[in-house]
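Student: The following comprises the amino acid sequence and a computationally predicted model.
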Amino acid sequence: MVTMMMMMMIMIMIIIIIIIIIIVAAGTISKSSRKYPRNLPGKHEIKELQKTAILGTSHILRKVLM
């Protein structure tokens with residue numbers, strides 16, 4: 001019989017896996033996308049764009065999960 005505690009642990013594990021998948025997906029970029037920041041005014045680095053994507057994703061997740 002599945003107890004309430006086991007259900008909570010399973011749910012937490014699923015949420016952690018989803019978060020990891022989203023962070024990995026948000027942090028990856030294709031090789032061809034490196035040319036697009038050149039079209040934007042100002043100086044942009046790929047690492048900063050990845051960081052922005054990850055922070056935005058984590059903000060959305062916090063709003064949804066809390």
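Tutor: Nice, I can see it. The structure displayed is predicted, hence computed values, not measured ones.

Student: List the buried residues for the helix or strand where H59 lies?
Tutor: Assessed by DSSP states H and E, H59 sits inside helix 46-65. For helix 46-65, the neighbour count (16 or more other Cβ atoms under 10 Å) marks L49, A53, I54, T57 as buried. No exception for glycine: its C-beta is placed from N, CA and C like everyone else's.

Student: Could you provide those residues in TSV, with additional columns for pLDDT?
Tutor: TSV is the format used below for those (pLDDT from 0 to 100):
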residue	pLDDT
L49	73
A53	75
I54	77
T57	77
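
Student: Just want the angle from whichever strand or helix holds I10 to helix 46-65.
Tutor: I10 is part of helix 4-27, with elements assigned from DSSP H and E. Inter-element angle recorded for helix 4-27 and helix 46-65: 150 degrees (by axes from the mean of the first three to the mean of the last three Cα atoms, to 10 degrees).

Student: So which elements touch helix 4-27?
Tutor: Applying 3 or more Cβ pairs under 8 Å, 6 or more residues apart in numbering; DSSP states H and E, one finds that helix 4-27 contacts helix 46-65.
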